[in-house]
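>>> Kindly generate the corresponding structure for this input.
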Amino acid sequence: MNPYVLLAKKAVENYIKDGKIIEVPKDLPEEFLGRKSGTFVTIEKDGKLKGCIGTYLPTKINIAEEIIHNAVAAATEDYRFSPIKEEELPYLSYTVYVLSYPEPVKDMETLNPKKFGIIVKTAPFAYPDEDVVFDDRVPFKSGLLLPDLEEVDTIEQQISIACQKGGINPGKEKIIIYKFTVEKYE
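Next up, the predicted model:
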């Protein structure tokens, strides 16, 4: 099993069984400890989504902690699903996404829903010719969609779904779009 996926699985199983968040294992490869990045953890049971939570920017000191915390959150805090139960653990599969730093989209033609994930944010005020990337300016709403999802084949579909997830009406609200790539581990 991939070490990223194994870490997510261990974190979820330990939390569900013992109610405790695991410590970062000492035997992890250096890339887990010396790298910071946003991560998403997706949990499925029988091919159906059971939870998906993540961060598009790093919030922890390394990706190991990011994965541990996002895995537990995906198992217990995704509002769309009931928390994972212990009897479900043997039937779960995990996917871990390590995200690149988001960059503003200046040309829609550079988007590709199979290659890039997107973040759509409402703009509380205009950003004329400014490369604003996640500073202290807090947008009112935002939605994120990971890349290469089944049945998302066009840029328009991708933007529409990300807007729906964020409660954004792109016909009435000014939006800013960011793109990112992922390293996907199953």
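>>> For Ser160, see how far away Gly117 is.
Taking C-beta to C-beta, to the nearest Å as the measure, Gly117 falls 15 Å from Ser160. The C-beta positions use only the backbone N, C-alpha and C, and glycine is treated the same way.
>>> more neighbours, these two?
Neighbour count, other C-beta atoms under 10 Å: between Gly117 and Ser160, Gly117 has more, with 24 against 17.
>>> ok, now which ones touch that one?
Listed by C-beta atoms under 8 Å, 6 or more residues apart in numbering, the contact set of Gly117 reads 99, 144-147, 179-182.
>>> Mind doing that once more with 10 Å?
By C-beta atoms under 10 Å, 6 or more residues apart in numbering, Gly117 lies in contact with 40, 56, 97, 99-100, 102, 144-149, 158, 162, 178-182.
>>> Out of those residues, which end up buried?
Buried subset of the contacts of Gly117 (neighbour count, 16 or more other C-beta atoms under 10 Å): 40, 56, 97, 99, 102, 144-147, 158, 162, 178-182.
>>> In strands, which of these fall?
Among those, DSSP state E puts 40, 97, 99, 144-145, 178-180, 182 in strands.
>>> Looking at those residues, spot the one nearest Asp27.
Taking C-beta to C-beta as the measure, Asp27 sits nearest to Tyr97 out of these, at 23.0 Å.
>>> between the ones in strands among the buried ones among the contacts of Gly117, which is nearest Lys20?
Phe40 (22.6 Å).
>>> Can you name the residues bridging to the closest one?
Taking DSSP bridges as the rule, Phe40 bridges to Gly54, Tyr97.
>>> Next one: it relative to Lys85, how far apart?
Distance, Phe40 to Lys85, by C-beta to C-beta: 22 Å.
>>> after the helix ranked longest in the chain comes which helix or strand?
For the chain, the longest helix by residue count, based on DSSP state H, is helix 3-18. Next along the chain after helix 3-18, taking DSSP states H and E as the criterion, comes helix 30-33.
>>> What segments of this protein are helices?
In the chain, the helices defined using DSSP H lie at 3-18, 30-33, 63-76, 155-166.
>>> Any idea how far the shortest one is from the middle of the chain?
From the chain centre to the centre of helix 30-33 is a distance of 19 Å (C-alpha atoms, centre = their mean, to the nearest Å).
>>> If anything else comes up later, I'll come back, but that's it for now.
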